[in-house]
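Sequence first, predicted model second:
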Amino acid sequence: MNPEEIYKTLTDKFGESILGFDTELAGDPIIQIVPAAIADVCQYLAETDTLAFDSLMCLSGVDLGAKEEELFVVYHLYAMQHRHSVVLKVSVPKGDAHLPSVSRIWKTADWHEREAYDLYGILFEGHTDLRRILLPDDWEGYPLRKDYKEPDLYRGMRVPY
Amino acid sequence: METTQQTESKIIELKPFTDEMVVNMGPQHPSTHGVLRLELILDGEVVREAIPHIGYLHRCFEKHSENLSYPQIIPFTDRMDYVAAMNQNWGFCLAVEKLMAADEKKDFAVPERAEYLRVLICELNRIASHLLSFGTYGMDTGAVTPFFYAFRDRERLLLLFEKICGARLTYNYIRIGGVSEIIHMEPGSLDEQNFLDEVKDFLDYFEPKIDEYNDLLTSNSIFSERTMGVAVMSAEMALSYGATGPNLRGSGVDWDLRRDEPYSIYDRFDFEVPVAKDIPELGAVVGDCWSRYKVRMDEMKESVRIVRQILAEGLPDGPVMADLKAVRPPKGEIYFRSEAPRGELGFYIVSDGTPKPVRLKGRSPCFSALSALQELSRGLMVADIIAIIGSIDIVMGEVDR
């Protein structure tokens, strides 16, 4: 199936939880989804035989700018059997960034969600072990946010160079 | 009285009680392949849980990249997987080129000569990377000799890379739109002929060596005992954890991006994709440590085969760099994956039309493969952990980015 057919299938099934289909920009077309529905949509995508998305290629957090109100989480999925791919995107408010975890569906999401939490401060509900992964446990702030200011000192060591 | 004592001692023998012990393995440990720390929860010598702690090599290159122009990012990709840096350069350049190609106003194509040079050099780099994996895996499992043999041959490859780009490890050779011209090789010149002759000499020398290494290590009974049937990763598990490349093929999934989603000019070459099979007479099971290792050994042969085809055709004439005024991809985003020696290397780029990316994410194959370690090692022995780490072949520079 091409992304457009997948989008149609999803709107038939989930209705208003699917916000739109973005083809204007260069690159891959994107299906936008309501944050609260992402785990259900992913479960459907993984378990339906005609879709069978068995691999999560990449899960990334995105911050488009310091003035933006929202953070994004982007899911790149691939189905080995049908050889089709799809891109899902959800937006969450910066002040209260939380959405359901998909780590139950694909184990890849376990560490990738921890990374997104570590670097963007996005909370994934239902993740069994959401702690920092790349940064030390006592690090403050979320470095990949555009408004991030690095601390002057970390345990007595100078941070800016 | 005596009988009671005997029964009691018998009970003690039947139910030996050991305290659970937490041991830190790494971050400074030769068999953790870099700075990986494992928190081992042990019951005697049995691993109840092995929790990986990563991030010791974290430089947040993704944050750096947001303040750099696209060509300036390429040296940062070198430092991801530093034993296969050519492939990392290439993965990034392919992603940028694909995003740029989406802009209809700009007509640009990577020159043929550059494509051939890219495939040639990246396949050689794949051999170098697998050689390192083979050598260190031997050392991890107690055989020191393969390490010296592997490094002797890898040295010849590094000298070739030095000839073509001036660096031995972090190359910055593949550029957006072509390859670096820092060391100029005129098409058809003596320089080019000398270089290709040297590549050919290396292949002639190296191809029989693969069989020698198979004799030395692959069929070695001590090595087989350590690796066969250990830590079996099923195909479903490999897919779910996002293990790719040799790890996925070691689990019996016939999948190679070079063949199944051909990029660049891979569709012009004839090569096999080695996939692990059950070998009952030896004791190898699909998905065990030995299968993952064996896939790498077989892949080296296929890389040799691809390079031989390039040598037979010869490098095409023409420039090595596309005529690009500036690297400025259109507004949009792209995810592109390529087959690096350790698996699927993806780059996710969000561009707002300026010369710098808004977001760049490197999807590292080792990062995903390493996340399977905890489940793989549950209930095995401490010594098996070393065999697993070596078999999934991680490079911490890429895990931590």
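Perfect, thanks for sending it. Numbers count the residues shown, from 1 in each chain, chains lettered A, B, ... in the order given.

going forward, measure contacts and count neighbours with C-alpha atoms only.
OK.

who's in contact with residue 109?
Since no chain was named, I'll use chain A. The contact partners of A:Ala109, taken as C-alpha atoms under 8 Å, 6 or more residues apart in numbering or on different chains, are A:56, A:59, A:101-103, B:241.

Chain B is the one I meant
Residues in contact with B:Ala109 (C-alpha under 8 Å, 6+ apart) are B:177, B:322.

Could I get the phi/psi values of it?
Torsion angles at B:Ala109 (phi, psi; degrees, to the nearest 10) stand at phi -140, psi 150.

ok, now how distant is it from B:Phe336?
Going from B:Ala109 to B:Phe336 by C-alpha to C-alpha, to the nearest Å gives 17 Å.

Over to A:Pro3?
16 Å.

who has more neighbours, these two?
Shown here are A:Pro3 and B:Phe336; by other C-alpha atoms under 10 Å in any protein chain shown, B:Phe336 has more neighbours (23 against 18).

Quick check: the more buried one touching B:Gly346?
Yes. Counting by C-alpha atoms under 8 Å, B:Phe336 touches B:Gly346, with 5.4 Å between them.

The stretch 151-300 of chain B: strands as residue ranges?
According to DSSP state E, counting those that start in this stretch, the stretch 151-300 of chain B carries its strands in the segments B:174-175, B:178-179.

so which of these is the most packed in?
strand B:174-175 (a mean of 28; mean count of other C-alpha atoms under 10 Å in any protein chain shown).

Show me what that one packs onto, helices and strands only.
Counting contacts by 3 or more C-alpha pairs under 8 Å, 6 or more residues apart in numbering or on different chains; DSSP states H and E, strand B:174-175 packs against helix B:85-101.

Contact partners for A:Leu123?
A:97-99, A:117, A:130.

What's the ChimeraX line that selects buried ones from those residues?
A single ChimeraX command selects the buried members of the contacts of A:Leu123 (16 or more other C-alpha atoms under 10 Å in any protein chain shown):
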select /A:97,98,99,117,130
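
ok, and which of the contacts of A:Leu123 reach chain B?
Among the contacts of A:Leu123, not one lies near chain B by C-alpha under 8 Å from any C-alpha of the partner chain.

Output the lowest mean pLDDT helix or strand found in chain A.
Using mean pLDDT, DSSP states H and E, the weakest-scoring helix or strand in chain A turns out to be strand A:26-27, at a mean of 75.

Quick check: can you name the pairing partners of that one and their directions?
Strand A:26-27 sits in its sheet next to strand B:332-340 (parallel), going by DSSP bridges.

got the angle for the partner strand vs helix B:85-101?
Counting by axes from the mean of the first three to the mean of the last three C-alpha atoms, to 10 degrees, strand B:332-340 lies at 150 degrees to helix B:85-101.

what's the helix or strand following strand B:332-340 packed up against?
Following strand B:332-340 in sequence order, the next helix or strand is strand B:343-351 (DSSP states H and E). Judged by 3+ C-alpha pairs under 8 Å, 6+ apart, the packing partners of strand B:343-351 are helix B:85-101, strand B:332-340, strand B:357-363, helix B:365-370.

Just give me how far strand B:343-351 sits from the chain centre.
Distance, stretch centre to chain centre, for strand B:343-351: 16 Å (C-alpha atoms, centre = their mean, to the nearest Å).

ok, and what's touching that strand?
Contact with strand B:343-351 is made by A:58, B:88, B:91-92, B:95-96, B:243-247, B:257, B:329-339, B:357-366, as judged by C-alpha under 8 Å, 6+ apart.

Stretch A:3-17 now?
Applying C-alpha under 8 Å, 6+ apart, the external contacts of stretch A:3-17 come out as A:18, A:21, A:29, A:31, A:33-34, A:37, A:41, A:51, A:85-86.

can you put these in TSV and add pLDDT?
Listed next are these as TSV, based on pLDDT from 0 to 100:
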residue	pLDDT
A:Ile18	81
A:Phe21	80
A:Pro29	84
A:Ile31	88
A:Ile33	89
A:Val34	89
A:Ala37	87
A:Val41	88
A:Leu51	84
A:Ser85	87
A:Val86	89
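
middle-most residue in the chain, spatially?
Picking chain A for this. Nearest to the mean C-alpha position of chain A, by C-alpha atoms, centre = their mean, lies A:Val73 at 2.8 Å.

sorry, should have said chain B
Short answer for chain B (C-alpha atoms, centre = their mean): B:Arg342, at 2.3 Å.

Who are the contact partners of it?
B:244-247, B:365-366, B:393-394.

try 10 Å this time
If you count contacts by C-alpha atoms under 10 Å, 6 or more residues apart in numbering or on different chains, B:Arg342 has them with B:81, B:84, B:87, B:126, B:129-130, B:133, B:243-247, B:296, B:364-366, B:369, B:392-395.

Could you measure from it over to B:Ala85?
12 Å.

Find the residues that touch each one of the two.
With C-alpha under 10 Å, 6+ apart, B:Arg342 and B:Ala85 have common neighbours B:126, B:129.

Now the nearest residue to B:Leu203 once chain neighbours are set aside: phi and psi?
Counting by C-alpha to C-alpha, 6 or more residues apart in numbering or on different chains, B:Val304 is the residue found nearest to B:Leu203 once chain neighbours are left out, at 6.6 Å. The phi/psi pair for B:Val304 (degrees, to the nearest 10) reads phi -60, psi -40.

and the closest residue to A:Asp137 other than its chain neighbours, what element?
Closest residue to A:Asp137 apart from its sequence neighbours, by C-alpha to C-alpha, 6+ apart: A:Arg131 at 7.6 Å. Using DSSP H and E, A:Arg131 sits within no helix or strand.

residues near A:Arg131, how many?
Neighbours around A:Arg131, by other C-alpha under 10 Å: 17.

these two touch, right, it and A:Glu115?
Yes. The pair formed by A:Arg131 and A:Glu115 meets the contact definition of C-alpha atoms under 10 Å, at 8.7 Å.

rewinding a little: nearest to B:Pro319, of the helices and strands packed on strand B:343-351?
When the helices and strands packed on strand B:343-351 are compared by C-alpha to C-alpha, helix B:85-101 sits nearest B:Pro319, at 17.1 Å.

What is the closest one packed up against?
Identification of packing neighbours for helix B:85-101 by 3 or more C-alpha pairs under 10 Å, 6 or more residues apart in numbering or on different chains; DSSP states H and E yields strand A:26-27, helix B:70-78, helix B:112-140, strand B:174-175, strand B:178-179, strand B:332-340, strand B:343-351, strand B:357-363.
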